[in-house]
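**Q** Here's a sequence, model it:
(3 chains)
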Amino acid sequence: MKCKRLVASVVMGALFSGAAWAQVKVGVVSSSTGPVAMVGIPQKNSVPLMPTKVGNLTVQYIPLDDGSDPTASVVAIKKLISEENVDAIIGPSGSPNAMGVIQFAAEAGVPLLAPVGTAAVVLPMNEQKKWVFKTTQNDQLIADALVGHMAKSGIKTVGFIGTSDPYGENWAKVFTESAGRKGIKVVSSERFQRSDSSVTAQGLKVLMSKPDAVLIAAPGTPAVLPQITLYDQGYRGKVYQTHGAALPEFLKLGGKKVEGTVLAASLMLVLDQISDSHPSKKIAIDYVNAYEKLNGSKPATFGGNVFDAGLLLKNAIPHAAAKGKPGTPAFRAALRDALEQTKDMPATQGVYNMTAADHSGFDERGRELIAVKDGKWTLIQ
Amino acid sequence: MNAKLSPRLVLGAFLALLAAAPLFLSPFSVTLLNYIGLYAMVSLGLVLLTGVGGLTSFGQAAFVGLGAYTTATLTTMTSLPGWLAWIGASPWLTLLAGLLLTAVVALLLGSLTLRLSGHFLPLGTMAWGISLYFLFGTSESLGGHSGLTGIPPISLFGIVLDTGEKIFYLIWAFLLAAVLTTQNLLDSREGRAIRALKGGIVMAEAMGVNTSRSRMVIFLIAALHACASGWLYAHMQRFVNPTPFGLNIGIEYLFMAVIGGAGHVWGALVGAGVITLLKQWLQDILPKLLGQAGNFEVIVFGLMMILVLQRARGGLWPLLRRLVPVRVDNKHIEESAEALPRRTPPKAGELILEARKVTRKFGGLVANNNMSLEVKAGEILALIGPNGAGKSTMFNQLSGVDTPTSGEVLFMGQPVAGKDSRDIARMGMSRTFQHVKLLPTMSVLENVAIGAHLRGDKGVLSSAWRLDRAEEARLLKEAARQIERVGLGEFMHAEAGSLALGQQRILEIARALCADPCLLLLDEPAAGLRHKEKQALGDLLRKLRGEGLATLIVEHDMDFVMNLVDRVVVMEFGQKIAEGLPDEIQKDPAVLEAYLGGVE
Amino acid sequence: MEFPIALMLVQDGITNGAIYALLALALVLVFAVTRVIFIPQGEFVAYGALTLAMLQAGVVPTTLWLLVGLGVAVTVVDGVPALRAGRPGRLLGVAGWNLAYPLGLAALLSVVPLQSLPQLAQVALALAIVVPMGPQMYRLVYQPIASAPILILLIVSVAAHLTMVGMGLLFFGAEGQRTPAFSEAVLDLGPLMVPGQTLVIVAVSLTLIVALFQFFERTLYGKALRATAMNRVGARLMGISPSLAGKLTFFLAAFIGALSGVLIAPITTVYYDTGFLIALKGFVAAIIGGLGSYPLAALGALLVGQLESFSSFWASAYKEVIVFTLIIPVLLWRSLNSRHVEEEE
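**A** Modelled structure (predicted):
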């Protein structure tokens, strides 16, 4: 143990001799390997783009991978807290991972900016969750938008296909509630594994329930397979997708077979069609361009969620710095208070507002209704 | 050589370091030690199950999950039915509930899958491992994939173990208790039976060991270890979701056991420690060496593991042990231990074994035809015949391994057919094997002591808690006595595998004698023996005859047989062609024809 | 359930089962000859599919650099002893296969217009990149411990699997890929619409099974492998080199794996880690066959395919629970019906 730490610290010293002047330390825990890697990789790749200087303070980011394993997330959080003495933590990528670390962040009094969809990380508010701030649209927010569109299009029955993981599970719950409020019935609810090579059976089951529309909830490229399967089985009705499908590869893999898909996601997909007056437009364009320059591809919105966490911190750090020195509990507590005061702060995904009772962050400006038209993302006006 | 450290001293130093660890290590290092403890507990079970018992299991993570989910559900649920609610009041009660549930599930799964032979078993464990994992994920009452939060910390004597430093002591107390009891268990009568499971099942059954029971015992122990680890995990993490209980993690536990040294109790600790620390270390060092762009940890980790296994197949523990000069103490043989009780020997001339018109057909082939023979107490009978005469088949009929197509074999007046090897052993028949069957890495003493299995009755729990020492001393003394008797005294503490083939055959005789038999079945005992050794063996067998033992020898070596035995039965083409005194047989024209004429 | 639905499920099960059958055959072969439970079999599926996807995107596949790297490693491992033994000729032979071939392939890939090549040429290139990694892997990973107990070989396989998945993530990224179908045709059989790709999969699987059978029955190398599988020591005494048998086996396994990947890439989305679960199903089938019988393994594969297809239909959330729970009685039945031989370790 000791030997290992010694080696580590020597290497740290050699490579990060500049670390001494880094005054604010922020840990970033992402799942850049393992089953949730498609979420974690754009998040990790966004770290170098985040602000490194806030006022006269420099910010150092310490990225760690948790391999999509909640146990490893807890280890990473503890490492960041006790070894690195971080002032704030961004992450982890997955909902269960985030749920598992909340108490440890809260006990150490470190603000946690969680880029996950499930509202359970901030609601219902309690002593522990007051340390958590959410930087991804609530699944509820997206679901309401989709249900609104469904209701307007006269859809009465919906078939649901979701991944059997926390993402699909939460969506099944949130969407069923949301649809119920508008009198839309979920007539079939199927699950599939991300790595399944066939979802033929699930497709058949959904088709047998004869729904007016189908909603597919899966994070990243797994969202494609069910839709293509339905298409191949002759289904030509409306297909809805969640913000999990909001990435360039969706169009590439789906091709003609995903034409007409409707989804709700942040404005990042349709920046060129957003009016210049939208407060997020410029920030998002800058982020997307910088990301593309660094990584050679456009980011999935998951990356933007982490980048926004950086912006939230940038906004809050000056207030906290007035109350304490970075690295102290006073600073971290002040940082938390300052984050809670966030008002109308534009970022890549929308406009953030925090209140003492709700750390969800976004209002309707955090999502747009988008359709796939001629193989491109098109804003539904 | 003289600077070797006493094992007690090394263990003491290790315990002292461990006890002081939270005082001088950073909180994060203590956290890592906690995880190492949890993982080691599961891989300890695997050391027992896979490394020692030879049963590969991929499903241990599911048992960890059972422990974790039982306590998580019971302690967090508000809507428990009344008759269950009281259990949720304390984690200690839920530990009991978890262990109980795990025991039931393990018994159920074990009774199904432990019957599986060969490669079906690992796949069987994989199958229920995956099933349980997905059940955790799909049950809404268990929180689904998102999991359960708000699990309370454990309290012990009013102290709430809510930080890493506090639960550290509990985790390591659990682990050390598990390590020490496992070590105790392996060093006992039951332990020898368990160690015989890997590659020695036929032999162990012939010595009266119920190997199915032993398999179930280690399966249960491994499952309970995993369950306890899961319980601790849930209360340390205070959150559970299905991810840590999947197949990948199940494989990782096996990985830890093998890297550490699957055959060694402490290997579990080494494996869990090395893998946990290596992962952390790689996470620290690689981004600085290779840049942040990729995720090289897994790649480097995998490559390192391949290299380790290529250089050290037995895992890291044997290497480590070579570095620290710990003295290996030979087993102490308590001279004052009371001798084991012996069965009442049959009277000289009493009929011990009788074959009546035994016929064994394999399809159209008649391997034994109408064979009859008798062995009496205080006599040595030889069964001889040229190659392919059907001696081995006859031996199998006599020893109850095979059942005759017609005719019967009576041992002490009771039919042998339909009885399993254990019952026959219990009745007083003890045997050796044509192809030596012993456990090469165990000492001569321990190998021989397996023979005395049926002469002890202390079980698993008394072994684990060292309540078996008086009996154990008697068993070892008996084994030592038999070893001295057959003339292997100087090899008492050597590894059985290091003996010459001839000596291994003698060892088998000592083992058979350890059972205090009234009939000794020897399958080619003189093969591979040098002249002197043959003489010694002959002397021994004569002495045993003098003590009233009945002996049946199947043998090729004419000189050896003719100078030793009382009567000879000669077989050819599955039939008896002659029977009588050695001198008569040597002159019998049919026998001469079979042996000399049979050549060409 | 209506009849057409059942038919469609059966067809789906057969398509998946055909792939599992191919992998099961490879696993049985590898185990019989080398006693290795070849967990990284699945990675060859992913590597094959994703390498093809990269070729079709007009990019020089990153797997090529792995091939070069492995080639260098093999050249060092085999070449240094050859040089020491004063056999420069052997060094040339080693370097030819392991250095000249990958570099030649690299040169070829850098000049041809990858994107506009005919599909079959792209497939051939993908196989040319991925398949040689099989024997290279045998040389580097397994040959040094060829005589180790099965458990150690298994754990080494796990480590190799982890490494290959890690590299897969590095090479291909976390998002999945699909490739265009070999055939867009649809065969209309009354209630059943059979897509051309399904026919391609089943046809290729059957062809490969027949070809393997011919290989084992008719050719010298095939017979040598069979001999090794039946009796390792005996085969060595008869002059069959175990390392040659190993490399040949791994070549076949890598070929079957990569080809399976190429076959499924048009009908599903392939991820860097897709291979493990597919190979696991193949493994289940192989074990149902007792890790020794090719026809039983193929039947097992079809059984697994059907189980999956029907349980997805009845209760998709519980699919894996149902499939793996139903496997247990099958295993019991197989176990009771196969002769138990005490394992020698």
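**Q** which residues touch the helix-or-strand element of chain B with minimal mean pLDDT?
**A** Lowest on mean pLDDT, DSSP states H and E among the helices and strands of chain B sits helix B:82-85, with a mean of 72. Residues outside helix B:82-85 that contact it (C-beta atoms under 8 Å, 6 or more residues apart in numbering or on different chains) are B:Leu74. In short, each C-beta sits where N, CA and C put it, glycine included.
**Q** how many neighbours does residue 128 have?
**A** Using chain A here. 16 (other C-beta atoms under 10 Å in any protein chain shown).
**Q** Can you look at chain C instead?
**A** 18.
**Q** pLDDT (mean, whole number) over the helix or strand harbouring C:Val72?
**A** Applying DSSP states H and E as the criterion places C:Val72 in helix C:63-84. For helix C:63-84, the mean pLDDT works out to 90.
**Q** List the buried residues in that helix.
**A** By 16 or more other C-beta atoms under 10 Å in any protein chain shown, the buried positions in helix C:63-84 come out as C:63-64, C:66-68, C:70-71, C:74-75, C:77-79, C:82.
**Q** Let me know the angle separating the helix or strand following that helix from helix C:63-84.
**A** Per DSSP H and E, helix C:63-84 leads on to helix C:88-95 as the next helix or strand towards the C-terminus. The directions of helix C:88-95 and helix C:63-84 differ by 170 degrees, with axes from the mean of the first three to the mean of the last three C-alpha atoms, to 10 degrees as the criterion.
**Q** Next one, pLDDT for residue 118 please.
**A** As the question left the chain open, I've gone with chain A. 85.
**Q** hm, I was asking about chain C
**A** pLDDT, C:Pro118: 90.
**Q** now swap in A:Gly13 and tell me
**A** A:Gly13 is given a pLDDT of 43.
**Q** Looks to me like A:Lys25 is in a helix.
**A** No: counting by DSSP: H, G, I helix; E, B strand; the rest coil, A:Lys25 is not found in a helix; it is strand.
**Q** domains in chain A, as residue ranges please.
**A** A:2-137+A:284-365, A:139-265 (automatic domain parsing).
**Q** Mind putting the ones you listed into a markdown table with distance to A:Asp276?
**A** As requested, these are exported to a markdown table (distance: least, C-beta to C-beta, whole Å):
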| stretch | distance to A:Asp276 |
| --- | --- |
| domain A:2-137+A:284-365 | 10 |
| domain A:139-265 | 20 |
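**Q** for the nearest residue to B:Pro318 once chain neighbours are set aside, what are its contacts?
**A** Among residues not flanking B:Pro318 along the chain, B:Gly261 sits closest, at 5.7 Å (C-beta to C-beta, 6 or more residues apart in numbering or on different chains). Contacts for B:Gly261 (C-beta under 8 Å, 6+ apart) come out as B:Gly51, B:Gly267, B:Val270, B:Gly271, B:Gly314, B:Gly315, B:Leu316, B:Trp317, B:Pro318.
**Q** Give me the phi and psi for B:Gly261.
**A** phi 120, psi 90 (degrees, to the nearest 10).
**Q** separation between it and chain C?
**A** Using C-beta to the nearest C-beta, to the nearest Å, B:Gly261 is found at 11 Å from chain C.
**Q** and if you look at A:Met50?
**A** For A:Met50, the distance to chain C - C-beta to the nearest C-beta - is 21 Å.
**Q** Let me see the confidence value for the closest residue to that residue other than its chain neighbours.
**A** Excluding its sequence neighbours, the residue lying closest to A:Met50 (C-beta to C-beta, 6+ apart) is A:Gly310, at 3.3 Å. On the pLDDT scale, A:Gly310 is placed at 91.
**Q** Please tell me I have it right and A:Gly310 contacts A:Val54.
**A** No: the criterion here is C-beta atoms under 8 Å, and A:Gly310 misses it with A:Val54 at 9.8 Å.
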